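Novice: task: produce atomic coordinates for the following.
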Amino acid sequence: MQAKEIVGLTESLAMPILEQNGLEFVDCEFVKEGAGYYLRLYIDKEGGVSIDECEVVSRALDEKLPEDITDKAFILEVSSPGIDRILKRDHEYIKYKGRDVEVKLFKAIDGVKQFEGALVGLSDGKVVIDTADGELSFDKKEVASTRLAVKF
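Specialist: Below is the predicted model of the structure:
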């Protein structure tokens, strides 16, 4: 199976487990890091997820994953996306409207690749933020990542 197929199958197998446990699907990826492969499932719920909840999902998902999902040895990880989560799906731009975000671009604009501001949302395929210098918008396809900013 290709990585995209592995991710799709994993997501479809995980959804009933997540629903049964009152959890939300955030993202799934099958990636090579160093010498190893990782199948990562990111989950969440209001107030965050616990290690015990991640363990429950991991065990249940491990039982459902077919042995022949890939010919590569991999590690299954189930975790929270963290407080500095990357926004990947359109609905997250609605959910986190008003929160401070860091937008990183693939190519610099006037020598700058990273911008920070309050998330206004997605509008006509553009990521819109409100900065100290006013409102900025970036074509979503030019955005490498939009991440929740962590302030201490």
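Novice: please make it C-alpha for all contacts and neighbour counts, starting now.
Specialist: Fine.
Novice: give the next helix or strand downstream of whichever strand in the chain runs longest.
Specialist: Counting residues, the longest strand in the chain under DSSP state E turns out to be strand 112-123. Downstream of strand 112-123, the first helix or strand assigned by DSSP states H and E is strand 126-131.
Novice: just the helices in this structure please.
Specialist: Counting by DSSP state H, the chain has helices at residues 3-20, 51-64, 90-95.
Novice: would you mind writing the CA trace of the helix or strand bottoming out on mean pLDDT in the chain as CSV?
Specialist: Across the helices and strands of the chain, mean pLDDT, DSSP states H and E gives its lowest value to helix 90-95, namely a mean of 91. The C-alpha coordinates for helix 90-95 follow below in CSV (Å, rounded to 0.1, in the frame of the first residue of the first chain):
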residue,chain,number,x,y,z
ASP,A,90,-10.4,24.0,6.9
HIS,A,91,-12.7,23.6,10.0
GLU,A,92,-9.7,24.3,12.3
TYR,A,93,-9.5,27.8,10.9
ILE,A,94,-13.0,28.4,12.2
LYS,A,95,-12.5,26.6,15.5
